[in-house]
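Engineer: Sequence and predicted structure below; questions after.
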Amino acid sequence: MGAALEMSKKSMQMSEAKDRDGWLGLFADDAVVEDPVGPSFVDAEGKGQHGKEAITAFYDNVVSQSESLKFTIHRSIECGDEVANIGELRITLPGNQVGVVQLCNIYKVNAEGKLVSLRSFWEQDKLEFSPG
């Protein structure tokens, strides 16, 4: 298992465990998170969250708002210092509202093994919540 795949697994595990500090610690100081890639309700300009301060705000304002997250990865493709994980994410919001979305997350690590990029491809209009 390469460093990118290992870090992607840690990222998903820490997200599911709601381990804020552990998740943030995976990222290099100059990392970029695009979740989702392109303009969205999270990032109107579609430029991503640049640097630890912006990534921390993303965690606090988006990731932490769910009651639970569950990644199911069907396939991982490693190339050099990157990995693409293809699968789905199940999100449970307060009030037992559940949404499932298909995704492809691409993680990139630097020479020190820190995440420098997380790009999450998923279709915002296909994420609908219903009672769980």
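Structural biologist: Now that the structure is in, tell me what you want to look at. Residues are numbered from 1 along each chain as shown.

Engineer: What pairs with the one helix or strand in the chain whose mean pLDDT sits lowest, parallel or antiparallel?
Structural biologist: Every helix and strand in the chain was compared by mean pLDDT, DSSP states H and E; the lowest is strand 130-131, with a mean of 88. Strand 130-131 pairs in its sheet with strand 97-109 (antiparallel), by DSSP bridges.

Engineer: Flag every buried residue along the strand it pairs with.
Structural biologist: Under the neighbour-count criterion of 16 or more other Cβ atoms under 10 Å, strand 97-109 has 98-101, 103, 105-109 buried. In this view, the C-beta of every residue, glycine as well, is placed from N, C-alpha and C.

Engineer: For residue 56, give me its contacts.
Structural biologist: residue 24 (Cβ atoms under 8 Å, 6 or more residues apart in numbering).

Engineer: Doesn't it belong to a helix?
Structural biologist: Yes: under DSSP: H, G, I helix; E, B strand; the rest coil, residue 56 sits within a helix.

Engineer: List the contacts of the least confident helix or strand of the chain.
Structural biologist: 96-99.

Engineer: And it, how far out from the chain middle?
Structural biologist: Chain-centre distance of strand 130-131: 23 Å, with Cα atoms, centre = their mean, to the nearest Å.

Engineer: Export the helix or strand where residue 85 lies to PDB, keeping only CA atoms.
Structural biologist: Per DSSP states H and E: residue 85 is located in strand 82-93. Output of strand 82-93 as PDB, limited to C-alpha atoms (Å, rounded to 0.1, in the frame of the first residue of the first chain):
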ATOM      1  CA  GLU A  82      -1.900   9.900  -5.700                       C
ATOM      2  CA  VAL A  83      -4.900   7.600  -5.200                       C
ATOM      3  CA  ALA A  84      -8.400   7.700  -6.600                       C
ATOM      4  CA  ASN A  85     -11.000   6.100  -4.300                       C
ATOM      5  CA  ILE A  86     -14.300   5.300  -6.000                       C
ATOM      6  CA  GLY A  87     -17.400   4.500  -3.900                       C
ATOM      7  CA  GLU A  88     -20.100   6.200  -2.000                       C
ATOM      8  CA  LEU A  89     -20.600   8.300   1.100                       C
ATOM      9  CA  ARG A  90     -23.600   7.900   3.500                       C
ATOM     10  CA  ILE A  91     -24.300  11.000   5.500                       C
ATOM     11  CA  THR A  92     -26.600  11.200   8.500                       C
ATOM     12  CA  LEU A  93     -27.700  14.600   9.600                       C
END
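
Engineer: This completes my enquiry, with thanks.
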